[in-house]
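1. Model the following, please.
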Amino acid sequence: MTKGWPATLVVAVVGLALATPVAAQATHKDTKIGFSFKPPKDFTAIAIDPTEHITVAKYQSEQADQSGDGNGGLYNRDFLVKFYPAKQDKTFAQSDGEDEDKPPLTGDPSKDEHAAGPTRPTASAMVESLRDGKFAKFDGKEKTVKLAGTTATELTFTASDSPISYYALVLEQDDGVFVMQGSSLSQRFDKACADFSAAAKSFKRIERADLSAHVADLKSMDEQSRFLQQQIDKLPPGWSYLKTRRYVFLYDADKSFVEELAARIEAMRDQYEKDYPPTKPIDAISIVRVCANEAEYHGYGGPYGSGGYWYDVARELVVYDEQPRETTLAIVNHEAFHQYIYYFYGELAPHPWYNEGTGDVYAGAKLSKSNKIQAFGDPPGGVRRQEFIKEAARLLGEGKRGSEGAAAPPKLLMHFHHLEYYGSAGYDIGVCYAEGWSLNHFLRLGRLEPKWQKILPDYLRALLAARDQVAKDVMDKAIAKAEKKEAGSSAKLPKDIKDWYGKLDEGDVQDIAYDATFKDWTDSDWAAFQAAWLKYVEKL
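-> From the prediction side, this is the model:
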């Protein structure tokens with residue numbers, strides 16, 4: 001996930017008009033909750049994370065500010081609208097007993113993201129909470145304004161740990177509390193605050209749309225179709241969608257480029273299925289979210305220092321339109337492998353050397369104009385996997401350590417968990433990524449001894465077997481604990497080990513898989529493997 005690494009198409013159309021798709025300075029209208037406002041000038045609509053169930057509108061400045069109190073850093077101002085319902089909406093009612101603190105990712109229209117929480121929110125409680133510093137340090141500036149037929153409270157704050165200041169307006173309505181908030185660099189806050197206040201004071205209540213027919217349609221869909229449609233429904237102004245055979249693209253980018261991405265990812269999916277034939281059809285339709293640029297990507301939630309990521313909780317791969325576009329195409333090849341392997345393994349991630357390294361091999365796929373894979377080389381776009389590993393492998397061969405820039409011995413790297421792969425073991429993250437790429441390149445394309453040929457298939461079998469072993473152990477312990485507490489109480493617990501997959505420690509599964517794969521390897525075996533790999537890297 002490092003920066004840059006790090007089918008037949010259906011015509012794209014705009015999603016359900018719950019928020020009217022208009023230009024950035026035009027009025028934002030939400031006909032589901034029933035409100036409108038005019039965003040600050042030169043602000044762009046930002047997509048909202050599918051796991052978010054309070055934020056209902058999000059905008060970000062098109063240009064980033066730079067200020068001395070930001071240590072020369074850049075900061076995009078933002079403006080958000082949050083809605084805390086006062087009672088359950090009967091149209092999108094949340095079922096009894098549902099955990100209201102968890103995001104609604106079931107695709108069930110009866111579990112709406114705007115359903116009320118267990119405690120009725122009030123404006124006074126919200127203002128008091130903000131004053132207490134949960135939002136940021138209250139600077140004492142507060143006033144009452146008339147808005148939407150009642151009074152609202154404006155407040156400003158300053159962060160205690162960064163050069164950022166905040167604006168908030170709290171408005172109570174019969175159906176819930178609205179909180180409008182903006183943030184900017186403190187040095188630019190006076191002008192920004194005036195813009196935030198103008199946007200907040202433009203807030204109006206409008207008539208809600210009759211969505212009963214749409215709700216009925218959602219209820220008639222299968223879980224997956226319902227979930228995908230709900231994400232299309234949430235698209236902000238300016239965003240569109242595109243459906244292909246195995247993907248749904250949600251995008252705020254050039255349509256022709258998204259179509260190119262779509263054709264590429266479908267071709268790569270064929271390759272994944274060829275290399276990893278599923279034992280049963282993988283019918284999951286995956287989401288690919290394409291942001292317009294890096295600023296929008298980070299505004300959405302993309303990690304700094306990354307060019308894309310696979311977000312399993314929201315079932316989506318997120319990238320942005322980066323130049324050169326070969327970099328974005330390579331990122332898609334890499335992250336789409338994570339997406340595929342997540343479902344192939346049954347929502348279980350392999351060791352990083354296997355997962356990230358294989359993703360990087362696919363990132364280096366050389367495709368023809370008709371999207372036929374011709375070769376696998378170094379990932380494009382300045383990723384420099386080949387350059388990194390050549391130097392790091394040379395240093396390892398000379399007996400250097402990780403602190404001196406050397407690669408980790410393969411025996412060590414292939415046991416690394418996520419944090420170790422990301423640097424906690426003393427080896428540079430970029431070197432670990434490059435080594436993972438080169439090991440998979442060697443194991444897939446190099447001349448291998450019979451024992452080395454077994455590594456990849458043996459590891460795959462061992463990982464799946466390890467998961468079942470750990471799941472059974474967890475299940476047996478839970479049953480024993482329940483019986484010890486109260487005889488007969490374990491009858492309520494599931495007896496299928498698949499129901500326990502979500503309660504496993506991923507590291508435990510990976511450790512067992514590693515031990516099973518290399519159980520009969522001696523130090524001499526590892527030395528021979530490392531020597532052959534070093535020679536392969538030297539000739540890359």
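
2. and the gap between Gln271 and Ile341?
-> Separation of Gln271 from Ile341 (C-beta to C-beta, to the nearest Å): 13 Å. C-betas here are computed from N, CA, C, even on glycine.

3. Next: Lys372.
-> Distance, Lys372 to Ile341, by C-beta to C-beta: 22 Å.

4. Between the two, tell me which one has more neighbours.
-> Ile341 (19 against 11; other C-beta atoms under 10 Å).

5. Could you say which helix or strand holds the more buried one?
-> helix 325-344 (DSSP states H and E).

6. For that helix, name the packing helices and strands.
-> helix 255-275, strand 286-291, strand 308-311, strand 316-320, helix 352-363 (3 or more C-beta pairs under 8 Å, 6 or more residues apart in numbering; DSSP states H and E).

7. Can you give the contact residues for the fourth one?
-> For strand 316-320, the surrounding residues in contact (C-beta atoms under 8 Å, 6 or more residues apart in numbering) are 50, 231, 250, 253, 286-294, 296-297, 300-302, 307-311, 328, 331-332, 335-336, 338-339.

8. try 7 Å
-> 286-294, 296-297, 300, 302, 307-311, 328, 331-332, 335-336, 339 (C-beta atoms under 7 Å, 6 or more residues apart in numbering).

9. hmm, back to that, I'd like the helices and strands packed on helix 325-344 as JSON lines, with distance to Phe178, mean pLDDT and mean neighbour count appended.
-> Listed next are those as JSON lines, based on distance: least, C-beta to C-beta, whole Å; pLDDT from 0 to 100; neighbours: other C-beta atoms under 10 Å:
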{"stretch": "helix 255-275", "distance to Phe178": "34", "mean pLDDT": "92", "mean neighbour count": "18"}
{"stretch": "strand 286-291", "distance to Phe178": "26", "mean pLDDT": "93", "mean neighbour count": "24"}
{"stretch": "strand 308-311", "distance to Phe178": "28", "mean pLDDT": "88", "mean neighbour count": "23"}
{"stretch": "strand 316-320", "distance to Phe178": "28", "mean pLDDT": "92", "mean neighbour count": "25"}
{"stretch": "helix 352-363", "distance to Phe178": "42", "mean pLDDT": "93", "mean neighbour count": "26"}
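
10. Could I get the ones you listed in TSV, plus columns for distance to Arg385?
-> Listed next are the helices and strands packed on helix 325-344 as TSV, based on distance: least, C-beta to C-beta, whole Å:
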stretch	distance to Arg385
helix 255-275	18
strand 286-291	23
strand 308-311	16
strand 316-320	18
helix 352-363	6
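
11. burial of the closest residue to Ser403 other than its chain neighbours, as a residue count?
-> Ranked by C-beta to C-beta, 6 or more residues apart in numbering and with sequence neighbours excluded, the top spatial neighbour of Ser403 is Gly426, at 6.1 Å. Look at Gly426: counted by other C-beta under 10 Å, it has 10 neighbours.

12. Is Gly426 in contact with Gly402, as I believe?
-> Yes. The pair Gly426 / Gly402 is scored as a contact, 4.2 Å apart, by C-beta atoms under 7 Å.

13. Just the local confidence number for the nearest residue to Thr150 once chain neighbours are set aside, please.
-> In this structure, Thr150 finds its nearest non-sequential neighbour in Glu172, 6.8 Å apart by C-beta to C-beta, 6+ apart. Here, the pLDDT recorded for Glu172 equals 95.

14. Can you name the residues that contact the most centrally placed residue in the chain?
-> Closest to where the C-alpha atoms of the chain average out (C-alpha atoms, centre = their mean) is Tyr311, at 2.9 Å. Taking C-beta under 7 Å, 6+ apart, we find Tyr311 in contact with Val318.

15. Would you check that Ala349 makes contact with Asn355?
-> Yes. Ala349 lies in contact with Asn355 (C-beta under 7 Å); the separation is 5.8 Å.

16. How many residues are close by Lys41?
-> Counted with other C-beta under 10 Å, Lys41 comes out at 12.

17. Then it would be within a helix, right?
-> No. Per DSSP: H, G, I helix; E, B strand; the rest coil, Lys41 lies outside any helix segment and is coil.

18. do you know how far it is from Asp175?
-> For Lys41 relative to Asp175 (C-beta to C-beta), the value is 29 Å.
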